[in-house]
Structures are given as C-alpha cells and as structure tokens.
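S.K.: What shape does this take:
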Amino acid sequence: GVSSMEGYEPKLTVRTHQTDQTVTIEIQDNGPGIPEEIKDKILQPFFTTKKGTAGTGLGLSITNDIVKAHGGALEIESDQENFTKFTIQLSAKNR
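M.R.: This is a model prediction of the structure:
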C-alpha cells in the first residue's frame, strides 16, 4: 500500500519490438498496480479514479479507439504492488 511507498522511486520503461508483421510498444511502470475491480473499466469512456474535475476519463478510452482503428490491440497487465504494463500491438503491413 501507500505506507510502504517510502523510498519509492518511480520508473517508466518503454520497450519496442518489431517483426515483419507487427510493431509492439510496451509501457511499464513500477507503481502499485491497478486493482482487479477497476481493470475492466479503465478503457471505458468517462471512467476516472481522479476526484472532482481532475480528469475526464477519456485518455485511455481514446487511445484504445485509435489503436483499434489502426487494426491493433491494447492489452493491460497489472500486478498489485509491483507494476502495470500497457502493450500496444499494431500491424506493420500498412507501412
């Protein structure tokens, strides 16, 4: 939890991988992870965990729509207390 975040150093890792067929972009953090009950909702329009008017909840929803419009897929993997990883995979054939 937050109490164990003492000495925590945020880290963002971005990896890219390309084959003849696909381009993959991985964005991973070392944060507290996404709770299971929220994970299914975070790609829905207007879903936000921010209080008040701090966020519209459209960022990930729009990102997902753009990726899908280009024939790609967005996957979310999260491990509580350890990390969250977003993987975007696009077809490399349309280049």
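S.K.: hey, let's count contacts and neighbours off CA atoms from now on
M.R.: Fine.
S.K.: Contacts for the helix or strand harbouring Gln28 next, please.
M.R.: Assigning secondary structure by DSSP states H and E places Gln28 in strand 22-29. Applying C-alpha atoms under 8 Å, 6 or more residues apart in numbering, the external contacts of strand 22-29 come out as 10-18, 83-93.
S.K.: Which PyMOL command selects the buried ones in the residues you listed?
M.R.: To isolate in PyMOL the members of the contacts of strand 22-29 that are buried, counting by 16 or more other C-alpha atoms under 10 Å, one can use:
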select buried, resi 83+84+85+86+87+88+89+90+91
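S.K.: Give me the subset of the contacts of strand 22-29 lying in strands.
M.R.: Those of the contacts of strand 22-29 mapping onto strands are 12-18, 83-91, per DSSP state E.
S.K.: After the strand holding Gln28, which helix or strand is next? Please name it.
M.R.: Downstream of strand 22-29 (by DSSP H and E), the next one is helix 36-39.
S.K.: Just the CA coordinates for the worst-scoring helix or strand of the chain on mean pLDDT, please, in PDB.
M.R.: Least confident helix or strand, the chain: helix 36-39 with a mean of 90, by mean pLDDT, DSSP states H and E. What follows is helix 36-39, C-alpha atoms only, in PDB (Å, rounded to 0.1, in the frame of the first residue of the first chain):
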ATOM      1  CA  GLU A  36      -8.800  -6.100 -10.400                       C
ATOM      2  CA  GLU A  37     -12.200  -4.400 -10.000                       C
ATOM      3  CA  ILE A  38     -11.000  -1.300 -11.900                       C
ATOM      4  CA  LYS A  39      -9.000  -3.100 -14.600                       C
END
